[in-house]
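Undergrad: Quick one: sequence plus predicted model below, questions after.
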Amino acid sequence: MKRKQLFEFEDQRWFPAFLRNYLSDFLQFISNQFDIYKKVTPLLAELVAKSENKTIIDLASGGGGGLFKLSKRLREEDPELKIVLTDYYPNLKAFEYIRKQDQTFTFERESVDARKVPAHLKGVRTQFLSLHHFTEEDAVQILQNAVDSQSPIALFESQERNVPSVLAMLFSPINVLLMTPFIKPFSVGRIFFTYILPLVPLFVMLDGILSALRTYTIPEMDELISRVNGHENFEWKVGRQKSGPAGILYLIGAPKP
């Protein structure tokens, strides 16, 4: 199945911010409720351990990414760990809620572009379920910016470009309907646009299908790395980690000693 650089509704500037936030809230809830990134904890813990700066800069965090559940295990390895949430379209209500639940987290209020991370944000860079949003050129820029700033980087995708991933998204509206009452912070608007005017289930399904069709394969990730100037100065790991019925694709890079 050839990769297609299709657009997702939530990426568009015209897409209502409140709907974008409802979608990212749902993805954050699923990621942490089912702990889907549990199996990659050792990979991320190793990267943080090798870094002088015990801070994770999470890019394209959406509603908080997959780090809320992971953070507890990571802090067992390093109690001083700090995590900064960022996004091009910051979901501030979600960020503030996570901050109240866990003081490990802080966040950036201003928009942060993963292709050009501000110099003051120093640490291990992560992205969860977001690399597929970027074109090949933009994905190379993300890696290039990490190499140029000597910043370790770990990118994780919880889906693959295959038929099972697409089929799974066809049934995602059922999950939205079942789980929306448990998503916090509670929102009357989320209830309305899930059960009365069901735009949230619709766009979760549509963007989910489009996401699967945009996801990079392992060979394609290797190709992205090869296009980065100075990539030979980093140590790279690209692979797939089994996680429940699915797998987590990962691309990890760190400066050579």
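TA: Structure received. Being a predicted model, the structure only gives us computed values, none of them experimental. Numbers count the residues shown, from 1 in each chain.

Undergrad: how many neighbours does the spatially closest residue to residue 136 that is not a sequence neighbour have?
TA: Excluding the flanking residues, the one nearest residue 136 by CB to CB, 6 or more residues apart in numbering is residue 224, at 6.6 Å. Backbone N, C-alpha and C define where each C-beta goes, glycine included. Look at residue 224: counted by other CB atoms under 10 Å, it has 22 neighbours.

Undergrad: on contacts alone, who are the packing partners of the host helix or strand of residue 224?
TA: Under the criterion of DSSP states H and E, residue 224 resides in helix 218-226. In terms of contacts (3 or more CB pairs under 8 Å, 6 or more residues apart in numbering; DSSP states H and E), helix 218-226 is packed against helix 136-148, strand 234-243, strand 246-255.

Undergrad: Please pull up the helix or strand immediately following the longest one.
TA: Once helix 136-148 ends, the next helix or strand along the chain (criterion: DSSP H and E) is strand 153-157.

Undergrad: neighbouring strands for that next one, and are they parallel or not?
TA: Using DSSP bridges, the strands paired with strand 153-157 are strand 124-128 (parallel), strand 246-255 (antiparallel).

Undergrad: Which positions in the helix or strand that that strand is followed by come out as buried?
TA: As assigned by DSSP H and E, the chain's next helix or strand after strand 153-157 is helix 163-170. Within helix 163-170, the residues that qualify as buried are 165, 166, 168, 169, counting by 16 or more other CB atoms under 10 Å.

Undergrad: Kindly reformat these as TSV containing distance to residue 86.
TA: Listed next are the buried residues of helix 163-170 as TSV, based on distance: CB to CB, whole Å:
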residue	distance to residue 86
165	26
166	29
168	28
169	26
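
Undergrad: now, among these, which is nearest to residue 134?
TA: residue 165 (18.2 Å; CB to CB).

Undergrad: ok, that closest one to residue 40 distance?
TA: Distance of residue 165 to residue 40, given as CB to CB, to the nearest Å: 18 Å.

Undergrad: what do you get for residue 64?
TA: 17 Å.

Undergrad: Neighbour count for these two, which is higher?
TA: When neighbours are counted by other CB under 10 Å, residue 64 and residue 40 differ, and residue 64 comes out ahead with 29 against 21.

Undergrad: Give me the three-state assignment for the more buried one.
TA: What DSSP: H, G, I helix; E, B strand; the rest coil gives for residue 64 is coil.

Undergrad: Show the contacting residues for it.
TA: Residues near residue 64 by CB atoms under 8 Å, 6 or more residues apart in numbering: 24, 28, 32, 85, 91, 94, 95, 97, 98.
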